[in-house]
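Asker: Turn this into a structure:
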Amino acid sequence: MCLLDFLPVDFAPLSRVTSRDEGMQIGRPLDSSPSVKEWLLGRAVPDKP
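Answerer: All right, here's what the predicted structure looks like:
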């Protein structure tokens, strides 16, 4: 066992800041956004190794 196996006495989990529905609404635009490479290729910036 190690120290990470034990929770401190005053441990309290963080409260949720968003509901599942709010998370899904945020996730949709992020899922459709281009990667950095795709964004650079769209701007006709040469790919550097």
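Asker: Give the helix, strand or coil label for residue 17.
Answerer: coil (DSSP: H, G, I helix; E, B strand; the rest coil).
Asker: In contact with it, which residues?
Answerer: With contact set as CB atoms under 8 Å, 6 or more residues apart in numbering, residue 17 has no partners. C-beta coordinates here come from the backbone N, C-alpha and C atoms, glycine included.
Asker: now it: how far from residue 39?
Answerer: When CB to CB, to the nearest Å is applied, the distance between residue 17 and residue 39 equals 28 Å.
Asker: can you check residue 9 too?
Answerer: 48 Å.
Asker: which one of these two has more residues nearby?
Answerer: residue 39 (11 against 5; other CB atoms under 10 Å).
Asker: Got phi/psi on that one?
Answerer: Dihedral pair for residue 39: phi -60, psi -40, per degrees, to the nearest 10.
Asker: could you measure residue 38 against residue 9, distance?
Answerer: Counting by CB to CB, the gap from residue 38 to residue 9 is 49 Å.
Asker: Likewise for residue 43?
Answerer: For residue 43, the distance to residue 9 equals 54 Å [CB to CB].
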